[in-house]
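**Q** I need the structure of the sequence given here:
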Amino acid sequence: DDLAALHGGGREDSLEMFVTYEDYLDSQISATDKFYLEDENLARQLVELGYRGSGETLKREEFEARKKMEREKHSQKQSAPKMLASASKDLSGFPFLQALANREELVRNGKLTSIIFIRDRTNKGQGQEVSGYIDFAHRLKTENFEPYFDRKKKLMPKPTDLSYYNWETLTSTSNSTSNFQVIADNEAGLLFKNKRDRKILNVDPKASPGDNSTRTEIQTDEYLQVVIYDHMTRRKS
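**A** Residues are numbered from 1 along each chain as shown. Okay, the predicted model is just below:
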């Protein structure tokens with residue numbers, strides 16, 4: 001199962017299958033713990049404190065440091081000249097950029113597709129409020145991401161993204177990409193259909209995101225709101 005592989009099943013000495021620290025903690029929570037605790041955050045806290053899980057649990061800082069080392073190792077290994085844009089970047093204190101860095105390699109090699117929801121103000125927080133859904137893989141292909149990881153540029157929604165809305169001018173646009181088809185004006189609200197496995201990704205926070213998909217809200221001061229929807233794509237073998 002692809003999503004199970006993301007949340008666990010990797011070798012103990014490799015964190016490659018864990019996109020986020022929460023995924024890593026979740027992999028150590030048993031079904032019994034989930035049943036009795038009923039609170040996902042409490043279960044994660046118990047794992048982080050070492051009361052649950054097998055072996056030594058890495059602290060968040062240790063996890064991020066190990067992920068950074070793995071990214072750099074992968075970049076050096078790749079014979080192709082394409083280095084990861086996030087390689088060797090110190091992203092401590094920038095949870096959103098760290099979350100993108102954790103996903104970059106999986107998204108570039110097609111194992112993962114991620115849709116990034118961003119709500120923020122333009123012009124360094126002084127301008128108009130805009131929001132949008134960004135196809136991470138599409139942007140990685142069409143833009144150089146180093147300036148974003150170097151914090152010289154700020155990733156913001158554009159009218160050319162999957163979906164874009166300006167809350168002051170009430171301008172809205174939607175565009176399908178090579179990865180996702182936009183299904184707008186649906187009773188369920190905005191939906192995105194993955195073009196590879198034809199699965200529907202639902203971005204309604206009150207609904208399940210769908211098969212092989214997860215929703216992660218990023219706690220950050222970098223933006224008014226950031227949510228990342230991850231979809232593990234099933235390749236026909």
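
**Q** and the helices in this structure?
**A** Taking DSSP state H as the test, the helices found in the chain are 2-7, 21-26, 31-37, 40-48, 60-77, 95-108, 136-142, 146-149.

**Q** can you name every helix or strand that the longest one contacts?
**A** It refers to helix 60-77. helix 21-26, helix 95-108 (3 or more Cβ pairs under 8 Å, 6 or more residues apart in numbering; DSSP states H and E). (C-beta placed from N, C-alpha, C; glycine too.)

**Q** can I get the helices of the chain in TSV including distance to Asn166 and mean pLDDT?
**A** As requested, these are arranged in TSV below (distance: least, Cβ to Cβ, whole Å; pLDDT from 0 to 100):
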stretch	distance to Asn166	mean pLDDT
helix 2-7	34	42
helix 21-26	32	83
helix 31-37	41	69
helix 40-48	34	78
helix 60-77	34	82
helix 95-108	21	94
helix 136-142	19	95
helix 146-149	21	95
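
**Q** need those in CSV (columns: distance to Glu217 and mean neighbour count).
**A** What follows is these, written out as CSV (distance: least, Cβ to Cβ, whole Å; neighbours: other Cβ atoms under 10 Å):
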stretch, distance to Glu217, mean neighbour count
helix 2-7, 17, 17
helix 21-26, 10, 21
helix 31-37, 20, 11
helix 40-48, 12, 16
helix 60-77, 16, 15
helix 95-108, 10, 22
helix 136-142, 16, 18
helix 146-149, 20, 18
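
**Q** okay, now Leu224: neighbour count?
**A** Leu224 sits with 14 neighbouring residues when counted by other Cβ atoms under 10 Å.

**Q** should've said Glu217
**A** The number of residues near Glu217, taken as other Cβ under 10 Å, comes to 11.

**Q** show the pLDDT at it.
**A** Reading off the per-residue confidence, Glu217 sits at a pLDDT of 94.

**Q** ok, it to Tyr165 distance?
**A** 19 Å (Cβ to Cβ, to the nearest Å).

**Q** output the longest strand along the chain as PDB, restricted to C-alpha atoms.
**A** If you go by DSSP state E, the chain has its longest strand at strand 112-121. C-alpha atoms of strand 112-121 as PDB (Å, rounded to 0.1, in the frame of the first residue of the first chain):
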ATOM      1  CA  LEU A 112       4.200  12.000  -4.700                       C
ATOM      2  CA  THR A 113       2.000  14.900  -6.000                       C
ATOM      3  CA  SER A 114       1.400  17.800  -3.600                       C
ATOM      4  CA  ILE A 115      -1.100  20.600  -3.800                       C
ATOM      5  CA  ILE A 116      -0.200  23.600  -1.700                       C
ATOM      6  CA  PHE A 117      -3.000  25.900  -0.400                       C
ATOM      7  CA  ILE A 118      -1.700  29.400   0.500                       C
ATOM      8  CA  ARG A 119      -3.700  32.300   1.900                       C
ATOM      9  CA  ASP A 120      -1.700  35.500   2.400                       C
ATOM     10  CA  ARG A 121      -1.400  39.200   1.500                       C
END
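
**Q** buried set for that strand?
**A** Taking 16 or more other Cβ atoms under 10 Å as the neighbour-count basis, strand 112-121 is seen to contain the buried residues 112-121.

**Q** I'd like the distance between the closest residue in space to Gly132 that isn't next to it in sequence and Glu187.
**A** Nearest residue to Gly132, sequence neighbours excluded (Cβ to Cβ, 6 or more residues apart in numbering): Pro157, at 2.5 Å. For Pro157, the distance to Glu187 (Cβ to Cβ) stands at 24 Å.

**Q** these two: who's more crowded?
**A** When neighbours are counted by other Cβ under 10 Å, Pro157 comes out ahead of the other of Pro157 and Glu187, with 23 against 5.
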